[in-house]
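Chemist: Predicted structure and sequence below. I'll ask about it afterward.
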Amino acid sequence: MCGIVGYVGTSNGVDAVDVVLDGLSSLEYRGYDSAGLAVPTPSVRVHKTEGELSALENTVPRDELEGALTGIGHTRWSTHGPPSDVNAHPHRDEADRVAVVHNGIIENYQRLRDDLVDAGITFQSETDTEVVPQLIGRYLDRGAAPEEAFRLAIDQLEGSYAIAAVFDGSETVYAARQDSPLVVGLGETGTYLASDVPAFVEHTDRVCYLEDGDFVRLTADDAVVTDAEGNSVDRPIETVAWDPEDAEKSGYDHYMLKEIHEQPKALRQCLRGRIDDLDGAVDLEDLADLDHEGPVQFVACGTSYHAALFGAERLREAGVRAQAFLASEYASDRVPIDDETLVVGVTQSGETADTLRALREAARAGATTLAVTNTVASSAARECDHTLYIRAGPEIGVAATKTFASQQLALALLAFTLGDGPTREELEALRDIPGQVRTVLETTDARAVAEEYVDADAYFFIGRGYHYPVALEGALKMKEITYRHAEGFAAGELKHGPLALVTEDTPVFAVVTGDGETARKTIGNVKEVEARDAPVVAITDGESDVTRYADHVLEIPAVGDLGGSVLANVQLQLVAYWVANLLGRSIDKPRNLAKSVTVE
Amino acid sequence: MPISSAVVLAAGEGARLRPLTKHRPKPMLPAATKPILEHVFDALVDADITEITVVVGYGRTHVQSHFGSTYRGASIDYVVQDKQLGSGHALLEAEPEVSGPQLVLNGDQLVEQRLIEDVHEAHDSDSIATLGLVRDGDIANYGGVIFEDDENISEIVERPHDDRSYHLNAGVYAFESEIFDYLRGPEPQFNEYSLVDGIANAIAADETVRGVTSDGFWYDATYPWDLLEVTETLLGNTDGVESTVSTDAQIHESATIVEPVVISTDCVIGPGSVVGPNVALGENVTVGANAVVENSVVDADTRIGANATLIDGVTGHGVQIGAGSTMVGGPGDVRVGDRIHENERLGAVLADRVRDGGGVTYAPGTVVGSDAVITAGTAVSGTVDDETEVQ
């Protein structure tokens, strides 16, 4: 899915580059693994880059483009296939007379491309889109005026598209639509074009939805819609009541809650095609040429570090020597690395500076590197020897939720690849997890628990084994979005100090699954807490008797420790969400925090 | 001016479909694996609707998470109806979000694009409302209208019991925005605001209300076993759903697929099993070795054990049918509330997350509530409540 924007402003209007960049950022939910923009005057200039929009913002020479009146832009998210600078939009013809952005698929591009190549045209990219500017260029060569050339080119296309083009030296945007959304905005000081209303709703609420087969010519004070024959078409102008924040939240109050509810889908995507159930094997195509026998070191920060702790434990269980390190401490810890070592960087964005730096250290020391990331062709993915994608889809909320769950499952798959292979029961258990997350979402009492403890002095989280990283992550979520004091501990550590903090106003969330030795030990720690009159919230599958010592229970399906840690974490995400919601916090953009931390 | 926006009412539970609606609303129940609501959206998009406002309520996160903010290029906005105070109230909730004439549809009934287009074409702004009608159907359980002349409606009645010549109201409307005033008053009946009362108010005030009779397909699943008929109808109809096996499904080479079927993504079909005809498997379903599945609707994440037999079965999400369990198929008597439905074609309904230990025999017409657990080797019949254990 891609997003496109276009703008033509009056001389007293807003800077075109600002409008385009802001518009693209509102379309980030449509994807953000490469982006680009073009301004046509005084001559066509194109700036584009792979990576998030921030990468484009850093690339664009603002001073050179200052005062631009006209621009088009494009943002893209792909889960398959490499985005690259050259494949990013806009695309141009050979003589740089036209720049084009496109959302959709041009089905007959190969034939068009072959014809153009036969005619002596050299293509820069592998995209289907580039045939459009090249075709336009051909018609310009034959003497067609810009609009005529644009129409003749569009007429050649089969497939789906929303296309916008600008021509050298002209303050006009031409666009056409077929089976991809395109909407025009009519403002006081300019005219807008976008895949979706939020891209310009901060400037105007007067919009005009284009229909299939429509062409539009955008000038600073008008948008003229015509059909394929050039006859004028009257499209009604409507007023949209649109909270720009709301547009992409699908009826949820916050991206975070939306993303928590997207977890079943994200986990299905993570597993899709990676479990060969009939042969009883895990098949990670991403890692087909990774053949590793030696020790494994994880490097990561924040939530990804908690996933890394989980991954290291899973690998050890599968018979692999594995450890997790905080990426920011990795260098100063003087961790011994050699060429037998596989260093795995876990980073949602693939741009986390601390993690990138640790991976570079490791590569210099001769280690093989592997990126586990959500972002196709991010720095981590480009720089590492291997990449495993978690396929969670775009995550907008600053507090990571679905990407943590997807990291957990991706690392579980990695463990089956590097260590002991899975049993049939283990494979079935993995396939069951997405549906069980849905069960938790359907049945959770997290909101009631949050209401009970919204005024607590502090929140403590304890767990053992796979549940220790979950305790840390539960506390981190609580800190990030509620700004309240919260700590996660290995359950056994409680009595070595932190117990002094426990009072009747500090609820303790204990993650307990099964009824084995680990569970019984954690229950022992729960009793220590209970004896200090602290309220206990048990996150449990009900297999043990921990509910006897708990004031509240958040139930999860009984699926063992590994799956249980994924499910327990969903409950803790929801508790943090509802506490923050009751406190009226800025949940999607907590103070002082950024989604992707690109400084060390 | 052509109407480009629609309001879809999807806030109700659909209680007669219990226990399948324990966790999600009726619009999200599967018809040939896709939620009923998705079929409604498809029909709207095919009829060139580009803006959809959905009124959600019961189980709304299922709707929101499934569809997100766009569907096939149409924008989707959500309006929440917190209390289910009737279809008219649901539409009133959407009033602040919409402007101009709207199509209005129920999100829990299957309608064909043609029916929508017929209403769309017949409507003009001289009428406050245009109603889509079908000739046949169970008028006594729905609403009917009486025509004054060829076009105009003189009377609208819910569940009529006289033998006048009614046309069935298919729940597909075009409304001018003035309809909102009539929905609000004069007085709600039984504290509910019904759409039909609003239309009756408009007729009483001498507004023009038109009807258009359509040949388009209209179908309402009233009871759980109707999902079997819906799937069979869709699979058997050229305008319905094509028989498909997802490329992301894994089918053992010795398994037999008897079309028509829909086998969704991530499904695993084991060796020697026979699946079809008229089977819809939701995503990530497993059919074990040598199992037989025929004429059944099996929802996502369900596991059918080796050597199990499922004929005329309906399952919810994440059901576990153990090895060798048997559902021999209908007809059977089904109890819903106090009423017994005789001779329905139903093997059994197993609601979300029912688990059986294997070797279980389901008598025709059995209904098992969600999260119930059935011990291995048990013979089950009648109705089993949610979260009970059967030994």
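Modeler: Thanks, I have it. Keep in mind it's a predicted model, so treat the numbers as computed, not measured.

Chemist: When you work out contacts or count neighbours from here on, use the C-alpha atoms and nothing else.
Modeler: Will do.

Chemist: ok, how many other residues are close to the closest residue to chain B within the stretch 451-600 of chain A?
Modeler: In the stretch 451-600 of chain A, the residue that lies nearest chain B is residue A:557 (10.3 Å; CA to the nearest CA). As a burial measure, residue A:557 scores 19 neighbours (other CA atoms under 10 Å in any protein chain shown).

Chemist: For chain B, which element, helix or strand, carries the lowest mean pLDDT?
Modeler: Evaluated with mean pLDDT, DSSP states H and E, the helix-and-strand set of chain B has its lowest mean pLDDT in strand B:218-219, which scores a mean of 84.

Chemist: what packs against that strand?
Modeler: The contact analysis (3 or more CA pairs under 8 Å, 6 or more residues apart in numbering or on different chains; DSSP states H and E) places strand B:218-219 against strand B:110-111.

Chemist: Counting by contacts, list what the strand it packs on packs against.
Modeler: Contacts defined by 3+ CA pairs under 8 Å, 6+ apart place strand B:110-111 against helix B:36-46, strand B:218-219.

Chemist: change it to 10 Å
Modeler: helix B:36-46, strand B:167-175, strand B:218-219 (3 or more CA pairs under 10 Å, 6 or more residues apart in numbering or on different chains; DSSP states H and E).

Chemist: can you list the ones you listed in TSV and add mean neighbour count and distance to residue B:229?
Modeler: As requested, those are exported to TSV (neighbours: other CA atoms under 10 Å in any protein chain shown; distance: least, CA to CA, whole Å):
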stretch	mean neighbour count	distance to residue B:229
helix B:36-46	23	13
strand B:167-175	25	19
strand B:218-219	18	10
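
Chemist: For the ones you listed, which has the smallest mean pLDDT value?
Modeler: Taking the average pLDDT of each of the helices and strands packed on strand B:110-111, the minimum falls on strand B:218-219, with a mean of 84.

Chemist: got the contact list for whatever residue of the stretch 251-400 of chain A ends up closest to chain B?
Modeler: Distances between the stretch 251-400 of chain A and chain B by CA to the nearest CA are smallest at residue A:251, namely 5.1 Å. Residues in contact with residue A:251, defined by CA atoms under 10 Å, 6 or more residues apart in numbering or on different chains, are A:258, B:54, B:56, B:60-61, B:63-65, B:68-69, B:76-80.

Chemist: Tell me how far it lies from residue A:535.
Modeler: Distance of residue A:251 to residue A:535, computed by CA to CA, to the nearest Å: 34 Å.

Chemist: related to what we said a few turns ago, my guess is the residue of the stretch 451-600 of chain A closest to chain B meets residue A:441, correct?
Modeler: No. With contacts defined as CA atoms under 10 Å, residue A:557 does not count as touching residue A:441, sitting 11.4 Å away.

Chemist: Need the residues touching each of those two.
Modeler: Residues touching both residue A:557 and residue A:441 (CA under 10 Å, 6+ apart): residue A:567.

Chemist: Not counting its neighbours along the chain, what's nearest residue B:260?
Modeler: Using CA to CA, 6 or more residues apart in numbering or on different chains and skipping residues adjacent in sequence, the residue nearest residue B:260 is residue B:243, 4.9 Å away.

Chemist: Let me know the pLDDT of that neighbour.
Modeler: You'll see residue B:243 listed with a pLDDT of 92.

Chemist: With residue A:104 instead?
Modeler: According to the model's per-residue confidence, residue A:104 sits at a pLDDT of 80.

Chemist: again, but for residue A:598
Modeler: In this prediction, residue A:598 carries a pLDDT score of 50.

Chemist: again with residue A:86
Modeler: On pLDDT, residue A:86 comes in at 83.

Chemist: Identify the residues contacting it.
Modeler: The contact partners of residue A:86, taken as CA under 10 Å, 6+ apart, are A:48-50, A:124-127.

Chemist: can you rerun that using 8 Å?
Modeler: By CA atoms under 8 Å, 6 or more residues apart in numbering or on different chains, the residues touching residue A:86 are A:49, A:124-125.

Chemist: filter those residues to the buried ones?
Modeler: Members of these that pass the buried threshold by neighbour count (16 or more other CA atoms under 10 Å in any protein chain shown) are listed as A:49, A:125.

Chemist: Which members of the contacts of residue A:86 occur in helices, if any?
Modeler: Cross-referencing the contacts of residue A:86 against helices under DSSP state H gives no overlap.

Chemist: who does the helix or strand of chain A with the lowest mean pLDDT touch, helix- and strand-wise?
Modeler: Ranked by mean pLDDT, DSSP H and E, the weakest helix or strand in chain A is strand A:238-239, scoring a mean of 78. Strand A:238-239 sits against strand A:206-209, with contacts defined as 3+ CA pairs under 8 Å, 6+ apart.

Chemist: No further queries at this time; thank you.
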